[in-house]
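S.K.: Give the three-dimensional model of this entry:
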Amino acid sequence: MLGRLRAWAWAIRRDVHALWLAARDPRTPWYAKAVALAIAAYALSPIDLIPDVIPVLGYLDEVILLPLAILLAIRLVPREVMAEHRATAAGAADRPTSRAGAAFILALWLAMAAALLWWLWPLVE
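M.R.: Take a look at the predicted model:
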């Protein structure tokens, strides 16, 4: 079961990347681009349909509604366009990642957190 869950998560990740590529493709209809943009805006928005502070139900939109919306967007994109961008996204997932880049980003976030703490520390005392 864990293997199926991992495969499903990988497919969702690939499809989201493929949707991002398809939204920039001129062969994709405007309504599919609008749905993909709305999904991305909702996924990245701090405002949720169901607030995350509600136990269990708070994550319902991320677990059920967001994948359903992604499936809707995939169905709106022409099959040949989606197949092409899925192949591109799968190839991009196979590329190596930069550990040095990840370390740099982590160090940057830690430096920003330390600077914020240093700036706010006099207000706490």
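
S.K.: Report all helices and strands that the helix or strand hosting W119 contacts.
M.R.: Element membership for W119, per DSSP states H and E: helix 99-124. In terms of contacts (3 or more C-beta pairs under 8 Å, 6 or more residues apart in numbering; DSSP states H and E), helix 99-124 is packed against no helix or strand at all. Just so you know, the C-beta spots here come from the backbone N, C-alpha and C atoms, and that holds for glycine as well.

S.K.: ok, W121 to A114 distance?
M.R.: Distance, W121 to A114, by C-beta to C-beta, to the nearest Å: 10 Å.

S.K.: Now do the lowest-mean-pLDDT helix or strand in the chain: everything it contacts.
M.R.: Among the helices and strands of the chain, helix 60 carries the lowest confidence by mean pLDDT, DSSP states H and E, at a mean of 75. Contacting residues not belonging to helix 60 are listed as I50 [C-beta atoms under 8 Å, 6 or more residues apart in numbering].

S.K.: chain center to it: distance?
M.R.: 16 Å (C-alpha atoms, centre = their mean, to the nearest Å).

S.K.: following it, which helix or strand shows up next?
M.R.: Following helix 60 toward the C-terminus (DSSP H and E): helix 66-76.

S.K.: So which residues make contact with the very next helix or strand once past that following helix?
M.R.: Using DSSP H and E, the next helix or strand after helix 66-76 towards the C-terminus is helix 79-94. Residues external to helix 79-94 that are found in contact with it (C-beta under 8 Å, 6+ apart): 10, 13-15, 17-19, 21-22, 25, 27-28, 74, 77.
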